[in-house]
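Novice: One predicted model, sequence on top.
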Amino acid sequence: MTQLKTHILFGTQRYGTFGGALPDNNRGSVVAKIIGNNVMHFKEFNPQVKMWVFEETVNGRPLTELINTQHENVKYLPGIKLPRNVIAEPNLAKAAQDATILIFVLPHQFVRGACKQLKGHIMPGCKAISLIKGLDTDTAGLNLLSNVISNSLDIDVSVLSGANIANEVAQEKFCETTIGYRNRHNGQLFYELFNTPYFRVSIVNDPNGVEMCGALKNVVAVGAGIVDGLGLGDNTKAAIIRIGLMEMIKFAKLLDPSVKDSTFYESCGVADVITSCAGGRNRRVAKAFAETGKPLDKLEKEMLHGQKLQGTSTCKELIAYLRDRRIEDE
Ligand SMILES: NC(=O)C1=CN([C@@H]2O[C@H](COP(=O)(O)OP(=O)(O)OC[C@H]3O[C@@H](n4cnc5c(N)ncnc54)[C@H](O)[C@@H]3O)[C@@H](O)[C@H]2O)C=CC1
Ligand SMILES: O=C(CO)COP(=O)(O)O
């Protein structure tokens, strides 16, 4: 309750949700649904949620206009009603205008571009949370996307990650998720914003651990997909999952020795590895790759509407990092 009073002193809060997604997986809209409902329950939150949507034409009309009139992302999340207080906005700077909280839910390759557009257009003291599962691929060396956002915009960035396949969350099937905070006050604020009876949030003071889990599990899921595509069986897949999790821990600690073991037992750790190796896109595309031998970019076009598979780009970053370290060590 102390937290709530403090928020009221700050005045009302506005939100910008950054993201959209593919037909079978729309993380941005799913999150907008959760937040749109939750802000109605706490009076320190402004009841209007602005959602930046990468604009496109659907049946001859702008997608944002369709969302705002039908309250449904008819292209990417058909059949799921969005709360009426969620307003789609095609202009990024306008969507972020007046926001005191920014939620980043977009594919990793667009983060730097979005930050560039946002620079100089956000409220002082604004705070952010990143739901992105991937690593920055634009610079040499490994870089967390929360750092990219934080350094570009000079704001505090928490992280949310977990076993959260978007379709299932959209249907309100029970799951857990993990928020990693740097600033406890912000962690608690984001707990209030995201927690629901079907989307149960835990908060931990290990943002780097939470973020690395979300990026690294994609690599394990690619391995699981290859095992499935080659028909190697469930025992082999279980071995990939077990060894993969151990390697995730080892790698995360190599990058940041302060990462906590306990984080890997949260939803962002073991649970996300399991769900991604069972039902995620990384697994699905890798399985098709092993089965058909088609080039990856062709499969990305066919199965991901041209978006990049996160597991493989993360793999490339990890290999380059390990290679550079070995060279330095020698
Ligand atoms: N889909 C899922 O089940 C989950 C996704 N996530 C994470 O959420 C983030 C977003 O993932 P998804 O919603 O699945 O999207 P996605 O990876 O399927 O990408 C498609 C989305 O990117 C948008 N887009 C295309 N061009 C763009 C541009 N130039 N700038 C900005 N956006 C553009 C499109 O509007 C489309 O909505 C990713 O980091 C993902 O790892 C996290 C948990 C679950
Ligand atoms: O992160 C996810 C589930 O938690 C979704 O994984 P994919 O990106 O492999 O679909």
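Specialist: Thanks, I have the structure now. Ligands and ions are numbered 1, 2, ... in the order given.
Novice: rest of the way, CA atoms for contacts and neighbours
Specialist: Will do.
Novice: is stretch 276-293 up against ligand 1 anywhere?
Specialist: No: Stretch 276-293 lies apart from ligand 1 when judged by Cα under 6 Å from any ligand atom; the minimum separation is 7.0 Å.
Novice: pLDDT (mean, whole number) over that stretch?
Specialist: Average pLDDT, stretch 276-293: 96.
Novice: Strands of the stretch 1-150 of the chain, residue ranges please.
Specialist: 13-18, 45-52, 57-58, 61-62, 86-89, 101-104, 127-130 (DSSP state E, counting those that start in this stretch).
Novice: could you dump those strands to JSON lines with mean pLDDT and distance to ligand 2?
Specialist: Shown next, in JSON lines, are the strands of the stretch 1-150 of the chain (pLDDT from 0 to 100; distance: least, Cα to the nearest ligand atom, whole Å):
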{"stretch": "strand 13-18", "mean pLDDT": "56", "distance to ligand 2": "17"}
{"stretch": "strand 45-52", "mean pLDDT": "94", "distance to ligand 2": "20"}
{"stretch": "strand 57-58", "mean pLDDT": "94", "distance to ligand 2": "24"}
{"stretch": "strand 61-62", "mean pLDDT": "97", "distance to ligand 2": "26"}
{"stretch": "strand 86-89", "mean pLDDT": "96", "distance to ligand 2": "23"}
{"stretch": "strand 101-104", "mean pLDDT": "96", "distance to ligand 2": "14"}
{"stretch": "strand 127-130", "mean pLDDT": "97", "distance to ligand 2": "13"}
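Novice: Save those strands as TSV, and put in mean neighbour count and distance to Lys116 too.
Specialist: Formatted as TSV, the strands of the stretch 1-150 of the chain follow (neighbours: other Cα atoms under 10 Å; distance: least, Cα to Cα, whole Å):
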stretch	mean neighbour count	distance to Lys116
strand 13-18	26	14
strand 45-52	22	15
strand 57-58	12	25
strand 61-62	12	24
strand 86-89	25	18
strand 101-104	24	14
strand 127-130	23	15
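Novice: For those, please prepare JSON lines with the additional fields distance to Ser313.
Specialist: Below are those laid out as JSON lines (distance: least, Cα to Cα, whole Å):
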{"stretch": "strand 13-18", "distance to Ser313": "22"}
{"stretch": "strand 45-52", "distance to Ser313": "25"}
{"stretch": "strand 57-58", "distance to Ser313": "29"}
{"stretch": "strand 61-62", "distance to Ser313": "31"}
{"stretch": "strand 86-89", "distance to Ser313": "29"}
{"stretch": "strand 101-104", "distance to Ser313": "19"}
{"stretch": "strand 127-130", "distance to Ser313": "19"}
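Novice: which stretch among those strands comes nearest Val259?
Specialist: Nearest to Val259 among the strands of the stretch 1-150 of the chain is strand 127-130 (17.8 Å), distances taken as Cα to Cα.
Novice: Residues of the protein that sit close to ligand 2?
Specialist: Within the chain, the positions near ligand 2 by Cα under 6 Å from any ligand atom are 162-165, 272, 276, 280-282.
Novice: Just those residues: which are in helices?
Specialist: The helices, defined by DSSP state H, take in 272, 276, 281-282 from the residues of the chain next to ligand 2.
Novice: hang on, Ser158 is in a strand, isn't it?
Specialist: Yes: per DSSP: H, G, I helix; E, B strand; the rest coil, Ser158 lies within a strand segment.
Novice: count of residues packed around Glu176?
Specialist: 22 (other Cα atoms under 10 Å).
Novice: One more: Arg242?
Specialist: By the criterion of other Cα under 10 Å, Arg242 has 16 neighbours.
Novice: Alpha carbons of the helix or strand encompassing it, in PDB - could you do that?
Specialist: In the assignment (DSSP states H and E), Arg242 maps to helix 234-255. Written as PDB, here are the backbone C-alpha positions of helix 234-255 (Å, rounded to 0.1, in the frame of the first residue of the first chain):
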ATOM      1  CA  ASP A 234      12.200 -37.600 -26.400                       C
ATOM      2  CA  ASN A 235      15.100 -38.900 -24.400                       C
ATOM      3  CA  THR A 236      17.600 -37.000 -26.600                       C
ATOM      4  CA  LYS A 237      15.400 -33.900 -26.400                       C
ATOM      5  CA  ALA A 238      15.400 -34.200 -22.600                       C
ATOM      6  CA  ALA A 239      19.200 -34.400 -22.700                       C
ATOM      7  CA  ILE A 240      19.300 -31.200 -24.800                       C
ATOM      8  CA  ILE A 241      17.000 -29.500 -22.300                       C
ATOM      9  CA  ARG A 242      19.100 -30.500 -19.300                       C
ATOM     10  CA  ILE A 243      22.500 -29.800 -20.800                       C
ATOM     11  CA  GLY A 244      21.100 -26.600 -22.400                       C
ATOM     12  CA  LEU A 245      20.000 -25.300 -19.100                       C
ATOM     13  CA  MET A 246      23.400 -26.000 -17.500                       C
ATOM     14  CA  GLU A 247      25.100 -24.200 -20.300                       C
ATOM     15  CA  MET A 248      22.700 -21.200 -20.000                       C
ATOM     16  CA  ILE A 249      23.800 -20.900 -16.300                       C
ATOM     17  CA  LYS A 250      27.400 -21.200 -17.200                       C
ATOM     18  CA  PHE A 251      27.200 -18.700 -20.000                       C
ATOM     19  CA  ALA A 252      25.200 -16.200 -18.100                       C
ATOM     20  CA  LYS A 253      27.700 -16.300 -15.200                       C
ATOM     21  CA  LEU A 254      30.600 -15.800 -17.700                       C
ATOM     22  CA  LEU A 255      28.900 -12.700 -18.900                       C
END
